[in-house]
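>>> 3D, please:
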Amino acid sequence: MHTLTLGLKYYHYDYREIVEPPFKSTENGWLPGIFIDYSFQGIKFPIYFRLTGEYTYGNTKYDGSTQSGEPLTGETGNSLINFSTHFGFVLRIVNNTFYINPYSGIGYHFWHRGGLDEGFYGEDYSWCYVPVGIRPVFRITDRFTFAMDVSARFMFKGKIKVFLTDLSPDFNEPEGTLGNETGFKIESSVSYIFKSNIGISFTPWYEYSAIGESDIFELTYQGVLWGYGYEPSSKTDQYGLDIGFLLYF
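You can find the predicted model right below:
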């Protein structure tokens, strides 16, 4: 069975760097987004496949400090993109009413944050990850289905690019390698079929991700070295709701 889902996201984004007080760097706020999701659930052949794409754009509140410990607050614009593929199997426990999909795959995450106020500069974060998870599915009736999805996400190839040229074109745009950390995501979903091939789904979810401290990169002004920088370790909590419109074929 093939399922195509188009939908809307709304979730809370809570990012915080791990730095010594009184230094501080956090981003938080509610963000809207859209997503597309395609999945294949094998009947004759017990194969599970899923492909998802998500895009978010919205503003968050930044709360931090300068190197002198003075408070620095403002609003930042955020663009987030996430792609993932899942490959797995269908383990039927009770005929077609209860089955489990163990899976793995590969994913890509990108986050651009740029200051909307004077004195802020933009940054690009990106990394790949390997999801390893399990998805139990319960067909309660012919119309109602309940599913859960629990997965660990193993990060690799993390990168950061800092757009100091937003402050002055005389600065460079340094790049660094992020430390790899493991995250996870938990979601539950209830779907209802209106007709034989049209339905709707509601999916609350929670995701935890982390970034390890980066390597040290050079900072230059007019081509002359004036210092060094790095990206501190950080943690991010996200939770929200996806509402999707389903097409079965």
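>>> contacts, neighbours, all on C-alpha from now
Fine.
>>> gap between the closest residue to S189 other than its chain neighbours and N96?
Nearest in space to S189, with sequence neighbours left out and distances taken as C-alpha to C-alpha, 6 or more residues apart in numbering, is T203 at 4.3 Å. Here the criterion is C-alpha to C-alpha, to the nearest Å. By it, T203 lies 22 Å from N96.
>>> Which elements pack onto the helix or strand bottoming out on mean pLDDT in the chain?
Of the helices and strands making up the chain, the lowest-confidence element is strand 91-94, at a mean of 84, by mean pLDDT, DSSP states H and E. Here strand 91-94 is seen to pack against strand 98-115 when contacts are counted using 3 or more C-alpha pairs under 8 Å, 6 or more residues apart in numbering; DSSP states H and E.
>>> in the strand it packs on, what counts as buried?
Residues of strand 98-115 classed as buried under the neighbour-count rule (16 or more other C-alpha atoms under 10 Å) are 98-115.
>>> Neighbouring strands - and their directions - for that strand?
strand 71-89 (antiparallel), strand 91-94 (antiparallel), strand 122-139 (antiparallel) (DSSP bridges).
>>> Quick one: mean pLDDT for it?
Computed over strand 98-115, the mean pLDDT rounds to 95.
>>> chain center to that strand, what's the gap?
Here strand 98-115 shows a centroid-to-chain-centroid distance of 7 Å under the convention C-alpha atoms, centre = their mean, to the nearest Å.
>>> And for stretch 42-52?
The chain centroid and the centroid of stretch 42-52 are separated by 23 Å under C-alpha atoms, centre = their mean.
>>> likewise stretch 71-78?
With C-alpha atoms, centre = their mean, you get 20 Å for stretch 71-78.
>>> returning to what we had before: can you redo the strands paired with strand 98-115 as CSV with distance to I43?
Output for the strands paired with strand 98-115, formatted as CSV (distance: least, C-alpha to C-alpha, whole Å):
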stretch, distance to I43
strand 71-89, 11
strand 91-94, 10
strand 122-139, 14
